[in-house]
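Chemist: quick one, fold the following:
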Amino acid sequence: MNDLELLPRRNAYPGYNFSSYVVSDFNRSAYTALQSLMKSAEDGKVPAGITWFYGGSGTGKTHLLWAAKTALEDKNHIEVCYVTAQEMFKSLLYMLRREDYAGYALLKEYYADADILIVDDAQWISDNSYFYDAFKDIFVKLLSDGGHLLVATLGCPEELSELAEYIGYTAATGCACCIGPLGFEDARMVLNRKLAESSTEWSEEVKDYLLQKIDGNLFRIDGILKRLIFVAGLQGREVALELAMKETGCL
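Modeler: Now for the predicted structure:
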């Protein structure tokens, strides 16, 4: 299975770590929950249970999950698996299409044997019932063996009640944390950090304009930054307000 590209990636987001993560009032509960989980893992012991992060697209859920994966893997004897729900589906389907039933069983065991299984975009499971039994087998074995399930979704547990019931989440036995969009000044901090990493300087006028357009969405920050740097370089000019307004007019 080592040649299977659909298996969980080892270094998909090298820049996603806690040092580059901006903690604010909009994500502090999730950040605190992860710090508590990591503290429990210091002795190689992970508390059994479910931690559920939810929030809109571009709020930094994947950044936080991957930062946790990287930090947790530094702890002795902790096996951490990060995977999206789509990747789980595709990897299992790959085995069945090859009629590799032994590989299918081993793949389920691979996911279930993790000390911490991180499933991103888990809301996708609710819309795809084909592998319900396989997913449930994985989650049940993981939790019954004392593992920890860390999931991230676009909706909260109440909105995804079917998924919550499916994975065995309840408010009494799990922890749910909302991750909201960054506030204006927190978004400014992220933008300034990314500009510094790109060895790029923009005027405060340009940054203020873009931050209003971005509205705290991290995907937009990355997208606009890359686009403006590319266009400015192509045209041999600086990123002035006129260029910023032209290139972001459709936002």
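Chemist: name the helices or strands packed onto the helix or strand in which residue 33 is found?
Modeler: Using DSSP states H and E, residue 33 sits in helix 28-40. In terms of contacts (3 or more CB pairs under 8 Å, 6 or more residues apart in numbering; DSSP states H and E), helix 28-40 is packed against strand 49-54, helix 61-73, strand 174-178. In this view, the C-beta of every residue, glycine as well, is placed from N, C-alpha and C.
Chemist: return the most buried member of those.
Modeler: Most buried of the helices and strands packed on helix 28-40, by mean neighbour count (mean count of other CB atoms under 10 Å): strand 49-54, with a mean of 23.
Chemist: re earlier: out of the helices and strands packed on helix 28-40, nearest to residue 123?
Modeler: With respect to residue 123, and counting by CB to CB, the nearest of the helices and strands packed on helix 28-40 is strand 49-54 at 8.6 Å.
Chemist: quick one: contacts of that closest one?
Modeler: 30, 33-34, 37, 61, 64-65, 143, 148-157, 164, 167-169, 173-179 (CB atoms under 8 Å, 6 or more residues apart in numbering).
Chemist: could the C-alpha coordinates of it be exported in CSV?
Modeler: Extracted in CSV, the C-alpha atoms of strand 49-54 (Å, rounded to 0.1, in the frame of the first residue of the first chain):
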residue,chain,number,x,y,z
GLY,A,49,-13.3,10.5,23.0
ILE,A,50,-14.3,12.9,20.2
THR,A,51,-13.3,16.5,19.6
TRP,A,52,-15.4,18.3,17.0
PHE,A,53,-14.3,21.6,15.3
TYR,A,54,-16.8,23.4,13.1
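Chemist: which residues of the stretch 51-200 of the chain fall in strands?
Modeler: 80-84, 116-120, 148-153, 174-178 (DSSP state E, counting those that start in this stretch).
Chemist: between the last one and strand 49-54, how many degrees?
Modeler: Spelled out, it's strand 174-178. Angle of strand 174-178 versus strand 49-54, following axes from the mean of the first three to the mean of the last three CA atoms, to 10 degrees, is 20 degrees.
Chemist: repeat that for the longest one.
Modeler: For strand 148-153 against strand 49-54, the angle by the same axes, to 10 degrees is 20 degrees.
Chemist: residues of the helix holding residue 33 that come out buried?
Modeler: For helix 28-40, burial by neighbour count (16 or more other CB atoms under 10 Å) applies to 30, 31, 33, 34, 37, 38.
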